[in-house]
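*Asks:* Here you go, sequence then predicted model.
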Amino acid sequence: MKKQSSLTTLLLFSLLAPAFGQTPQPSPVTPQNPTASVAAQQPSPTPQDETDEDVVKITSNLVQFDAVVTDKQGRLVTDLQPEDFEVFVGGKRQQITNFSFISAEPGATAQPQPARSPVDKSAPPVPPARLKPGQVRRTVALVVDDLGTSFESVAQVRRALKKFVDEQMQPGDLVAIMRTSAGMGALQQFTSDKNQLYRAIERVRWYPSGRSGVSAFAPLEAAPLGGENPRGGADDDRGGASERDPAAELDEFREQLFSVGTLGALNFIVRGMSELPGRKSIIMLSDGFEMFSRRDPSSSWRVMDNLRRLIDLANRASVVVYTVDARGLQVLGLTAADNTSGRSAQQVMEQLNQRGTRLLDTQAGLQYLATGTGGFLVRNNNDLAGGVQRVLEDQKGYYLIGFRPEENVFELDKGRRRFNTLEVKVKRAGLRARYRSGFLGITDAEAKPVRRTRVEQMIGALTSPFTSGDVRLRLTSLFGGNTTGGAFVSSLIHIDMSNVNFTEEADGWRKAVIDVIALTFGEQGQVIDQINRTETVRARGEGLDILRKDGLVYTMRVPVKKPGAYQLRVAVRDASTEKLGAASQFIEVPNLKKDRLALSGIIMQDANFTTAPAASEGKQSEPDSSGSPAVRRFRVGDNVDYFFNIYNARADATSRPQLRTQMRLFRDGQQVYAGPETPFDPGKQTNVKNLQSGTRLRINPGLTPGEYVLQVVVTDALAPEKQRTATQWIDFEIVK
């Protein structure tokens, strides 16, 4: 795929011209509302970062684990003290030295949520709030085991996922929706963006090649002449056939492979979650899997080995696995789909008994996985969304219990790390504790992966769901295009060079070497485009000072052949110090050929960014790069311009559009300002398929410094009702 990339300073704003040829430049554009001002309307308070408690910490002098205590009704118990617990490791009682109850409920400083009102499907969507590590309350991976879920169950699963995103997801939730057939796709990274999660739900479909058919249990078929079942044996293969059935053995082997595939996908997901903050949970929705083969128990080692490895990994990664039987409450007797022709009453009863046995066997696998990691199984319940809610209720709080281990905890047992069984007893009557089955005698320092090579370090940065690292990055990905030339995504990657190491060279020159990896992913997780380069930057004197102050911007333009959802993930590495930085952004590319109203990405900049004269002093002044389109950091009182294109507007009898525009401002997911709807004046523009818009606003002194999101809403009065509104948003920062 063709791409363009270059390395330059932020002061060269001309880079934006080739990236957005249809976007108006500041000088010739007359703002529609040159005096518009952003008012201060009860800005929401800045959320305080929560203390990140260590969960499942294992060091040479402390073992700390988490436990959930419930009463007989399953309600969380929160008032216990250390003396209410007894902890045993390998049958030997331990003295509790560390104890606390961690509540995952929003704190008192959190913004109160308004009362629910009927959902207005025509209302513009609220831009997502970007979470920082300290703001995460719950980290939840909803894993759909499409390798082992029937067609009927998938429909129920999709409804449960939709309800979770619509009603159960809360501020501070970091969520991913994944499929075991796809592993950890690029667009299924952890996010708080509901639109991205809706996209993931749309991709949840029945996997015909998996181990489950159209329904949870295949209906009975008419027996052939002679009384044999359709597979050739007197009995079904799972109930102990009287003679070997090659087809049945092949089916069983295939099912084991798919079960191993499910566990392998979960293993990959757990590894990806291991470096996320706090206590994490996986909710797996599946029709279940068998741990043991009744035909040949010796062949069960594949599933059991992978299952034990997964449980051990989840325990060390502080991940609790909850399982939900997607089949709900099954009818194990005869149904209208069963055909008993050619079978005796005894044969029919044997077939139905085998159906019940299979249900129990497949639920046993889900049960073993959940209890081994401190979770539970939701089964025999048609309300899958209610089952997910039970899991979320279980996430409201837990006890952190720690003790000082003896040296034998870390001793080798026959050359291998000792697995230490854990037992927790609650003295108060009627209470039940759920906790992990045990832990390996290996410290966190030993278990933590050591990334030594350039590739290992860059991959570790790319998989982070946060904009993070010692090298600060700012990523801006903008959609643009036209109805004839097609669409593209233009990305600006701002690299803060103030923390990058420059080595001395001859004649006062300084040199820095940086590695840059940028990957653009499509909807199915495939790589659409990539940059993997090492750049050498040399500067001296004033140029070095400007470089440290203004940083660099790396530009990448990717033509997009198909509309859909895309994600850009970027990692940068200082080669001399191995300091890393990472950032990611999700972007939606509409189909401009469908003749529906759409907006390009928004370019936002300080109004003085390209103008040098200082009117008040009558002298030249250098533009502040912080107000550039790649950085978007503005001060209170600044005038800010933003530009975007409007595609596929409708025209009236006079060939004029009937458009109205509105600007809305958000902070932490809450609207703090909504401007009035303003008629759009196209001026001398006549091409309603591609209209250019520019507006100036002023940052009101009443706004609190912090991170904000500007959203543009455009309404076309001439379009069909369901296609009248289009929105676009961009984030920025207000500083003192």
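*Replies:* Nice, I can see it.
*Asks:* how close does Glu668 get to Met273?
*Replies:* No, residue 668 isn't Glu; it's Asp. In this structure, Asp668 lies at 24 Å from Met273, with CB to CB, to the nearest Å as the measure. In short, each C-beta sits where N, CA and C put it, glycine included.
*Asks:* Could you do Thr97 as well?
*Replies:* Taking CB to CB, one finds Thr97 at 28 Å from Met273.
*Asks:* Could you do Asn639 as well?
*Replies:* 44 Å.
*Asks:* Please say which of these two ends up with more neighbours.
*Replies:* Neighbours were counted for Asn639 and for Met273 using other CB atoms under 10 Å; Met273 has more, 23 against 18.
*Asks:* so how far does stretch 341-348 reach from one end to the other?
*Replies:* Its start and end residues considered, stretch 341-348 measures 10 Å (CA to CA, to the nearest Å).
*Asks:* what's the answer for stretch 453-472, then?
*Replies:* The first and final residues of stretch 453-472 sit 21 Å from each other (CA to CA).
*Asks:* who touches that stretch?
*Replies:* Under the criterion CB atoms under 8 Å, 6 or more residues apart in numbering, residues 130-133, 174, 189-191, 272, 275-276, 449, 451, 473, 475, 495-496, 499-500, 514-515, 517, 519, 569-575, 578-584 lie in contact with stretch 453-472.
*Asks:* the strands in the stretch 401-550 of the chain, which residues?
*Replies:* Assignment of strands within the stretch 401-550 of the chain using DSSP state E, counting those that start in this stretch yields the ranges 412-413, 416-417, 419-426, 432-435, 438-440, 468-469, 473-482, 486-495, 503-504, 510-521, 527-539.
*Asks:* I'd like the average pLDDT over the second one.
*Replies:* What strand 416-417 shows for mean pLDDT is 74.
*Asks:* Parallel or antiparallel, list what pairs with that strand.
*Replies:* When sheet partners are counted by DSSP bridges, strand 416-417 sits next to strand 412-413 (antiparallel).
*Asks:* which residues sit against the partner strand?
*Replies:* Contacting residues not belonging to strand 412-413 are listed as 418-419 [CB under 8 Å, 6+ apart].
*Asks:* Also stretch 260-267?
*Replies:* Outside stretch 260-267, the residues that touch it by CB under 8 Å, 6+ apart are 143, 145, 147-148, 178, 180-181, 183, 282, 284, 286, 289, 302-303, 306-307, 309-310, 313, 321.
*Asks:* And for Ile459, the neighbour number?
*Replies:* Using other CB under 10 Å: Ile459 sits among 13 other residues.
*Asks:* Give me the pLDDT for it.
*Replies:* The predicted structure lists Ile459 with a pLDDT of 73.
*Asks:* pLDDT weak spots in the stretch 551-700 of the chain?
*Replies:* Counting by pLDDT under 70, the stretch 551-700 of the chain has low-confidence residues at 610-625.
*Asks:* Spatially central residue for the protein, please.
*Replies:* Centre of the chain computed as the mean C-alpha position; nearest residue by CA atoms, centre = their mean is Phe190, 1.8 Å away.
*Asks:* pretty sure that residue is touching Ala176, no?
*Replies:* Yes. Proximity of Phe190 to Ala176 meets the contact threshold set by CB atoms under 8 Å, at 4.6 Å.
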